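1. Fold the following and give me the result.
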Amino acid sequence: MTQRLGDLEVRYRAAKGETDDHCYLFVPERGYLFTGDLVIWASPNCGNPQKVQRYPVEWAEALETMAGLGAEWLFPGHGFIVCGREAVRDVLTDTARYLRVIIDQVLARLNAGQTPEAIFHGLTTTIQSSLCETCCAGGAGGGMETRLICYRQPGKLRRGRSRASPGVRRR
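-> Below is the predicted model of the structure:
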C-alpha cells in the first residue's frame, strides 16, 4: 500500500517474520526504513518449541527485499538506528544470511532423520563456521552472532557510532 502524507510518499509492506503480521514502511524521499520487529538486534528467533509458528523463509525474503530499497536510515523495532546505505544493507543482508543458514541446516538435518535435540546441539557449530566463511572472512571471526553482538555492545560505541559498523548509532 502507498500513501501520500504531504510531500512524502509512504510505502507500507506486509511481511512475515517472528509472526505473520509484521509490517515495514519505507519513505523514499527521505531514505527512511522502519522495520518494526523484522530487525531486532539479536539473533532472530525463527523457531523454538515454546513459541508459535515462525516464518524464517519469508523473514529472510523480507530482509532481502528491504536491502534492495536503498534506504539511508534504518529504524528497527528494537536496538540502534543505522545510518548510511551500505550499513543499512549490511545489517539486512547479514541477518537474512543468518536465517538462511539456519533454514538450510535444519532442513538438511530433518531430512537426515536427526532428532530435534540433535539438530539444536548441532546447529551452533555449523552456523558459526558457515557464517565465518561468508560473513567474517578475514575479519574478527565468530560469525553473524558475533557481528550482531558487536553492533549492540556499548563498549564498542564511540561518539554514538560502532567500530564494528560505522553507520550504527544509539537512539
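2. and Gln53, how many residues sit next to it?
-> By the criterion of other CB atoms under 10 Å, Gln53 has 9 neighbours. All C-beta spots, glycine's among them, are computed from the backbone N, C-alpha and C.
3. That one: what's its closest spatial neighbour, skipping adjacent residues?
-> Nearest-residue entry for Gln53: Asp20, 7.5 Å, with adjacent residues in sequence omitted and distances by CB to CB, 6 or more residues apart in numbering.
4. Go over the secondary structure and confirm that neighbour is in a strand.
-> No: Asp20 is assigned coil when assessed by DSSP: H, G, I helix; E, B strand; the rest coil, not a strand.
5. State the pLDDT value of Glu61.
-> pLDDT for Glu61: 97.
6. what helix or strand does it sit in?
-> helix 56-67 (DSSP states H and E).
7. quick one: the strands in the chain?
-> Applying DSSP state E to the chain gives strands spanning 2-5, 8-15, 22-27, 32-36, 73-76, 81-83, 157-158, 161-162, 168-169.
8. rewinding a little: pretty sure the residue nearest to Gln53 is in contact with Arg54, am I right?
-> No: using CB atoms under 8 Å, Asp20 is not in contact with Arg54; the gap is 9.3 Å.
9. Between these two, which is the more surrounded one?
-> Neighbours were counted for Asp20 and for Arg54 using other CB under 10 Å; Arg54 has more, 19 against 13.
10. and that one, what does it touch?
-> 17-19, 45-47 (CB atoms under 8 Å, 6 or more residues apart in numbering).
11. May I see the buried residues of the lengthiest helix in the chain?
-> The residue-count maximum for a helix in the chain (DSSP state H) belongs to helix 85-111. Buried residues in helix 85-111, counted by 16 or more other CB atoms under 10 Å: 85, 87-103, 105-106, 109.
12. Export the strands of the chain to CSV and append columns for mean pLDDT, distance to Leu63 and mean neighbour count.
-> Output for the strands of the chain, formatted as CSV (pLDDT from 0 to 100; distance: least, CB to CB, whole Å; neighbours: other CB atoms under 10 Å):
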stretch, mean pLDDT, distance to Leu63, mean neighbour count
strand 2-5, 94, 21, 9
strand 8-15, 96, 9, 14
strand 22-27, 96, 10, 19
strand 32-36, 96, 8, 21
strand 73-76, 96, 11, 22
strand 81-83, 93, 13, 20
strand 157-158, 30, 24, 13
strand 161-162, 36, 19, 20
strand 168-169, 53, 17, 22
